[in-house]
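1. 3D model of this:
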Amino acid sequence: MSFNLDDVQVGGQLRVGTGICNPIKEGDYKINGSALIEGPVVFGGPTEFDDNVATLMVGRTKNDDKDCVPANRSLWVKGNTRLEGDAGTPYTLNVTGDVTIIGNTDQTGDITASGTITAATFIGAHTGGSISGGVSGKSAGAKAFDILHPTKDGYRLRHICLEGPESAVYFRGKVRNRSVIQLPKYWKGLVDYTTITVNLTPIGAHQNVIVKRVDEDKIYLQAQGGMPINCYFHVYGTRQDIERLVVEYEGASTDDYPGDNSIYSINK
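-> Got it, this is the predicted structure:
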């Protein structure tokens, strides 16, 4: 038996199916406006799904009423959303298509990517980007960024991060008519100045420039015969605000690292 109704208004509860449903309560304590539908339930066009694939199936609006303009989304949720898997399928959330997240993402498990990971910014008409921290690869662990080429249409540009046996920082620049390289003020608390190394490249003529001495915030230079100094410089130093890196260690995974694993992005 069936009923054909133009409009239905339910002031109390709507129940489709049987059984006690605790969230909507029962009897005198029932929550008006609540509903129990055992499912499966389809919202949207009746032909959007070919089979019973979920308890709730939401498809595109197919209402052809003249006053109904179909929305460009099938589902819009306002408020917090929680997904809790139950091993019914391999993945709690399975998305086909692009995903945009506006806000921070806190990930406690591993991330496996079969494609390129790109952090996008916009440089003129080109999309650039960078990744702060690090990315652990499955093979050699090369950490890369990949962007649209800034000058050649139809090309991309990929760089790989340098790797080394220390947590180091650098400072580079040019010295002209001075005999002192002034290090950034934050280096005094960041870098162990006893680890500092300096590379000098004279500009225009040989000057026999040497590093006379180094302290916590300055590097003192000296040229042959008091000649005016004109050179490029690269300064490198090991960070002192974190523990020294253990380069080689015994173990089967990163969990076996003998130091403070929490300071490294490889620790998930």
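2. can you give me the end-to-end distance of stretch 25-40?
-> 22 Å (Cα to Cα, to the nearest Å).
3. Over it, what's the mean pLDDT, rounded is fine.
-> Here stretch 25-40 scores 90 as its mean pLDDT.
4. Okay, buried residues for it please.
-> Going by neighbour count (16 or more other Cβ atoms under 10 Å), the buried part of stretch 25-40 is Leu36. Using the backbone N, CA and C atoms, a C-beta is placed for each residue, glycine as well.
5. now do stretch 227-240
-> 229-231, 233, 235-240.
6. Filter those residues down to the ones in strands?
-> Under the assignment DSSP state E, these contribute 230-231, 233, 235-238 to strands.
7. hang on, the earlier thing: just the buried residues of stretch 227-240 now: which is nearest Ser167?
-> The nearest member of these to Ser167, counting by Cβ to Cβ, is Arg239 at 4.6 Å.
8. Report the beta-bridge partner residues of that closest one.
-> Here Arg239 shows beta-bridge partners Val191, assigned using DSSP bridges.
9. hang on, it packs against Val169?
-> Yes - contact criterion Cβ atoms under 8 Å: Arg239 and Val169 qualify, at 6.2 Å.
10. quick one, what contacts the nearest residue to Asn199 once chain neighbours are set aside?
-> Spatial nearest neighbour of Asn199, chain neighbours left out: His234 (4.3 Å); criterion: Cβ to Cβ, 6 or more residues apart in numbering. For His234, the contacting residues are 170-172, 198-199, by Cβ atoms under 8 Å, 6 or more residues apart in numbering.
11. With pLDDT, distance to Gln222 and secondary structure added, can I get those residues in a markdown table?
-> Formatted as a markdown table, these follow (pLDDT from 0 to 100; distance: Cβ to Cβ, whole Å; DSSP: H, G, I helix; E, B strand; the rest coil):
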| residue | pLDDT | distance to Gln222 | secondary structure |
| --- | --- | --- | --- |
| Tyr170 | 95 | 22 | strand |
| Phe171 | 96 | 20 | strand |
| Arg172 | 97 | 20 | strand |
| Val198 | 98 | 12 | strand |
| Asn199 | 97 | 16 | strand |
